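# my questions concern the predicted model and sequence given below.
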Amino acid sequence: MTNEEFEQLVREGILAIPKKFLQRLKNVEICVENNPTKDQLKSLKIKKDLLFGLYEGIPQTERQSYGQVLPDKITIFKNQIEKAGRSAEDIRKIVKNTVWHEIAHHFGMSELEVRNSEKRKKDFQK
């Protein structure tokens, strides 16, 4: 998949977020990288193939006197998602879920809260 095609999937994933949440995104940049850096992996103590996305910043729930700071950053990792996906549709779903997952962190959800929410979402869709 080309970088342009993958970036389009990320844009689609962003647009799939309900409008009421998109309007509340503040000072956050969403970008695509091929792979996580060694420092990112080391700080998370995680294997490279398991990291599809990463939120780096100050969640909205923890912002107090918040001004004149660099944007938070959500990075979607192309190579890891492509390795995990078995088809173009599979990759599309992983991207969409990863974008949702990382935006949830921006709004202050912990990893456990996000995973529990994902589980409820999957159970509801069955």
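Here it is on my side, so go on.
# which other residues reach stretch 112-119?
The contact list for stretch 112-119, computed with Cβ atoms under 8 Å, 6 or more residues apart in numbering, reads 97, 101, 104, 105, 109. C-beta here means a position set from N, CA and C on the backbone, and glycine is covered the same way.
# could you redo the last one with a cut-off of 10 Å?
55, 97, 100, 101, 102, 103, 104, 105, 107, 109, 110 (Cβ atoms under 10 Å, 6 or more residues apart in numbering).
# list the contacts of the third one.
The one in question is residue 100. For residue 100, the contacting residues are 13, 14, 16, 17, 18, 21, 53, 114, 117, 118, 121, by Cβ under 10 Å, 6+ apart.
# local confidence estimate at it?
In this model, residue 100 is scored at 93, pLDDT.
# dihedrals phi and psi, it?
Per-residue torsions, residue 100: phi -60, psi -50 (degrees, to the nearest 10).
# before we move on, back to that, the contacts of residue 100, buried ones only, as a PyMOL selection?
Applying 16 or more other Cβ atoms under 10 Å to the contacts of residue 100, the buried members can be selected in PyMOL as follows:
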select buried, resi 13+14+17+53+114
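# in a markdown table: the contacts of residue 100, plus distance to residue 3.
Listed next are the contacts of residue 100 as a markdown table, based on distance: Cβ to Cβ, whole Å:
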| residue | distance to residue 3 |
| --- | --- |
| 13 | 15 |
| 14 | 16 |
| 16 | 20 |
| 17 | 22 |
| 18 | 27 |
| 21 | 26 |
| 53 | 16 |
| 114 | 27 |
| 117 | 30 |
| 118 | 27 |
| 121 | 29 |
